[in-house]
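1. The sequence and its predicted three-dimensional model are supplied below.
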Amino acid sequence: MVDEMKEIVEKLDNLDNYSIALPQKLSVVDSKEQDILHLIESSKISTFNAHKILKELKEIRQERRKIKNDMELLKVVEDNRDLLSTKQKRNTLIQRMIERNKFLNVEYKNRQYKQDELEEKLK
């Protein structure tokens, strides 16, 4: 029983450490994105290199989205730590995380461009 409890505490500690590290990870990814945007702004870029840069930018954005989603889910855990005390409450916490995850995975809605304007840019 002691070993199982140690394992649980270790996992909670790992979760806390991950949560603490996320803002720094986000800062690094944001800086990478800014570097790419400045490269685009200040350089003459060939079609071949534009493809490579776009691929890199997409990977950075996907990494950023994962970090932001993890931050949101961990906020649910942090805001509901009291729900870890009993089995029934833990199920409530899981349900809240599932609901938040569904919300985070809703299709993005454009802020400025209309969808047809963006599609026109791809032609």
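-> It's in.

2. can we go C-alpha only for contacts and neighbour counts from here?
-> Will do.

3. which SS state does Gln112 fall under?
-> coil (DSSP: H, G, I helix; E, B strand; the rest coil).

4. and it, how many neighbours?
-> For Gln112, the neighbour count with other C-alpha atoms under 10 Å is 7.

5. what's the spacing between it and Leu12?
-> 41 Å (C-alpha to C-alpha, to the nearest Å).

6. got it, and Ile67?
-> 18 Å.

7. how many neighbours does the residue lying closest to Arg96 once chain neighbours are set aside have?
-> Excluding its sequence neighbours, the residue lying closest to Arg96 (C-alpha to C-alpha, 6 or more residues apart in numbering) is Val76, at 7.3 Å. By other C-alpha under 10 Å, 16 other residues sit near Val76.

8. So for the host helix or strand of Met97, what gets flagged as buried?
-> Counting by DSSP states H and E, the element that carries Met97 is helix 87-104. Neighbour counts using 16 or more other C-alpha atoms under 10 Å place 90, 93, 96-97, 104 of helix 87-104 among the buried residues.

9. Restricting to C-alpha, output stretch 71-83 in CSV.
-> What follows is stretch 71-83, C-alpha atoms only, in CSV (Å, rounded to 0.1, in the frame of the first residue of the first chain):
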residue,chain,number,x,y,z
MET,A,71,-2.6,24.9,-19.1
GLU,A,72,-6.4,25.1,-19.4
LEU,A,73,-6.8,21.5,-18.3
LEU,A,74,-4.4,21.9,-15.4
LYS,A,75,-6.3,25.0,-14.3
VAL,A,76,-9.4,22.8,-14.0
VAL,A,77,-7.4,20.5,-11.7
GLU,A,78,-6.0,23.3,-9.7
ASP,A,79,-9.4,25.0,-9.3
ASN,A,80,-10.9,21.7,-8.2
ARG,A,81,-8.2,20.1,-6.1
ASP,A,82,-10.7,19.5,-3.3
LEU,A,83,-12.4,17.0,-5.7
